[in-house]
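Student: predicted model and sequence follow; I will ask about them next.
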Amino acid sequence: MKKAKHPLVIAVAAVSGGGKTTITTHLNEILQNSKTLYFDDYNFEGLNSIIEWVANGSNYDDWNLAPLITDLESLLTEPLDYIIMDFPFAYKHFKTSKLIDFTVFIDTPLDIAMARRVTRDFKYSSVENILLDMNSYISQGRQGYLEMLNTIKPNSDIIVDGTLSISEIVSIISQSIVNVYE
């Protein structure tokens, strides 16, 4: 963990479907004077394929996160207590790591994360599209999930069981923040 500054920047990481967005939203509701940033709100340039990125060694600094960094730096000038980021990289990206104070990894079993992702992303899709995505996951995509488990999970300040209820996860995270920073 890094020395706290004001506002405290909290990064919430998990695999796709692991609960990043949900937990970030709920933390924002209970942490007073906070704002959020969501990774999926940005269209980052530079990477065409997660599969190729993993195959080439998963260098997190390959990601051009300039728009997110600009927004984060702007929020850091506001009179906030907390900035909560739905951010899958924890401390692994050099430029963002200097701005983050506390990282959380939601350790959601891959089958649950996959079921959530399919339910979320393929709600109106054909069975054929779902099957194509599942085949892609089996043949290549799973490597991206394993990359996170191998590099982001051990690089986080706390790891929370993703099978717990939303309220339990939020309680554990908020209590950890209080124990460390207040």
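Tutor: Good, I have the coordinates.

Student: can you tell me the SS state at residue 163?
Tutor: When classified by DSSP: H, G, I helix; E, B strand; the rest coil, residue 163 comes out as coil.

Student: residues contacting residue 157?
Tutor: Taking C-beta atoms under 8 Å, 6 or more residues apart in numbering as the contact definition, residue 157 lies against 1, 102-104, 176. C-beta here means a position set from N, CA and C on the backbone, and glycine is covered the same way.

Student: phi first, then psi, for it.
Tutor: For residue 157, the backbone dihedrals (degrees, to the nearest 10) come out as phi -70, psi -40.

Student: what's the answer for residue 42, then?
Tutor: phi -110, psi 150.

Student: contact partners for it?
Tutor: Contacts for residue 42 were tallied using C-beta under 8 Å, 6+ apart; they are 65, 67-68.

Student: put the buried members of these into a ChimeraX selection.
Tutor: Entered in ChimeraX, the line below selects the buried ones among these, by 16 or more other C-beta atoms under 10 Å:
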select :65,68
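
Student: by residue count, which helix of this protein is the longest?
Tutor: Of all the segments assigned as helix in the chain under DSSP state H, the longest by residue count is helix 166-181.
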